[in-house]
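**Student:** how does the following fold in three dimensions:
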Amino acid sequence: MCQSCGFPDIAHGKEVPRRGFMFGAAVTGALSAAGAAHAKARKSRKAESKPEASPPKPENVMAPDAALARLLEGNKRYQRGVAARHDFVAEREALVGGQNPYAAILSCADSRIAPEYAFDSSRGDLFVCRVAGNFVSPENIASFEFAVEVLKTPLLLVLGHESCGAVKSAISSIADKTTLPGHLPYLVTALTPAVKAVAGQPGDELENATKENVRLGVEALKTATPLLSAAVNDKRIKIVGGVYRLENGKVEIFA
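**Tutor:** Numbers count the residues shown, from 1 in each chain. Take a look at the predicted model:
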């Protein structure tokens with residue numbers, strides 16, 4: 001038996017019969033293919049059996065309604081002036097590899113409005129976009145698309161507040177037909193639809209315009225195609241609006 005070819009009575013140095021050679025090659029090829037398939041199957045099983053990596057903050061994986069309830073519970077603690085204990089040192093290590101915030105917030109840039117404080121949250125809990133007048137723009141739509149599609153954030157909140165200087169300036173600019181200096185007219189343009197929508201309505205004009213601006217923001221996010229609108233239709237996310245009260249810190253959800 002030849003140790004090289006596997007056939008009997010073939011002396012080394014002599015020509016291997018063509019028929020035997022072809023048979024031997026076929027066997028070798030079959031064994032190689034079988035070995036490759038086995039290795040591939042083992043690799044596939046190994047990949048399937050490997051557990052998925054846990055999110056940085058497992059407690060932030062929740063349904064939209066649960067996320068809203070958690071947000072408002074944090075606001076109640078803030079109103080009472082009793083904050084939960086936050087271990088910022090331990091959170092740093094957990095968040096090095098990523099983030100999975102449970103809520104995304106569009107807030108005014110006003111220094112009196114700090115969502116992380118207002119909802120008594122920790123690092124990695126809230127994905128916050130801030131701009132004077134908390135109006136929806138292509139930039140923050142894109143940011144929220146990232147939050148929803150990549151970070152799997154289940155809740156979006158448009159947060160207005162009392163005595164908003166941006167809204168007040170827009171009302172004055174429109175009423176007086178004056179042009180504000182610098183880039184401020186950009187804010188007026190963005191807030192004009194809300195101001196005009198409530199013109200002539202009973203009640204406080206600033207309060208009415210502030211709430212209308214929030215309503216328009218919620219609607220803009222809900223109908224932002226293709227990503228946010230699809231997520232709303234699939235009930236993967238909830239989009240709500242609210243107003244922050246300066247006197248007591250309460251956030252009132254109304255849209």
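
**Student:** all strands for the stretch 1-150 of the chain, in order.
**Tutor:** Assigned by DSSP state E, counting those that start in this stretch, the strands in the stretch 1-150 of the chain fall at 103-107, 126-130.

**Student:** these: which one's closest to residue 246?
**Tutor:** The stretch from these with the least distance to residue 246 (Cβ to Cβ) is strand 103-107; that distance is 13.6 Å. In this view, the C-beta of every residue, glycine as well, is placed from N, C-alpha and C.

**Student:** how much does that closest one deviate in direction from strand 126-130?
**Tutor:** If you take axes from the mean of the first three to the mean of the last three Cα atoms, to 10 degrees, strand 103-107 sits at 20 degrees to strand 126-130.

**Student:** quick check: mean pLDDT across strand 103-107?
**Tutor:** Summarised as a single mean, pLDDT over strand 103-107 is 98.

**Student:** buried residues in that strand?
**Tutor:** 103, 104, 105, 106, 107 (16 or more other Cβ atoms under 10 Å).

**Student:** check stretch 137-146 too.
**Tutor:** 140, 141, 143, 144, 145.

**Student:** please state the offset of it from the chain centre?
**Tutor:** Distance of stretch 137-146 from its chain centroid, counting by Cα atoms, centre = their mean, to the nearest Å, is 10 Å.

**Student:** would you mind pulling the contact partners of that stretch?
**Tutor:** Counting by Cβ atoms under 8 Å, 6 or more residues apart in numbering, stretch 137-146 makes contact with 104, 106, 127, 129, 131, 156, 190, 220, 221, 224, 227, 228, all of which sit outside it.

**Student:** need the CA coordinates for that stretch. CSV is fine.
**Tutor:** Listed next in CSV are the C-alpha coordinates belonging to stretch 137-146 (Å, rounded to 0.1, in the frame of the first residue of the first chain):
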residue,chain,number,x,y,z
SER,A,137,-35.0,71.8,12.5
PRO,A,138,-33.4,69.3,10.0
GLU,A,139,-30.4,69.1,12.4
ASN,A,140,-32.4,67.9,15.4
ILE,A,141,-34.6,65.6,13.3
ALA,A,142,-31.4,63.9,12.1
SER,A,143,-30.2,63.7,15.7
PHE,A,144,-33.4,62.1,16.8
GLU,A,145,-33.3,59.7,13.9
PHE,A,146,-29.9,58.6,15.2
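
**Student:** mean confidence score for it?
**Tutor:** Model confidence over stretch 137-146 averages 98 on the pLDDT scale.

**Student:** picking that back up, reformat the contacts of stretch 137-146 as a markdown table; add distance to residue 70.
**Tutor:** Formatted as a markdown table, the entries for those read as follows, by distance: Cβ to Cβ, whole Å:
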| residue | distance to residue 70 |
| --- | --- |
| 104 | 14 |
| 106 | 18 |
| 127 | 14 |
| 129 | 20 |
| 131 | 25 |
| 156 | 14 |
| 190 | 30 |
| 220 | 25 |
| 221 | 20 |
| 224 | 24 |
| 227 | 24 |
| 228 | 21 |
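
**Student:** can I have the buried ones of these as a ChimeraX selection?
**Tutor:** Written as a ChimeraX command, the selection of buried residues from the contacts of stretch 137-146, which uses 16+ other Cβ under 10 Å, is:
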select :104,106,127,129,131,156,190,220,221,224,228
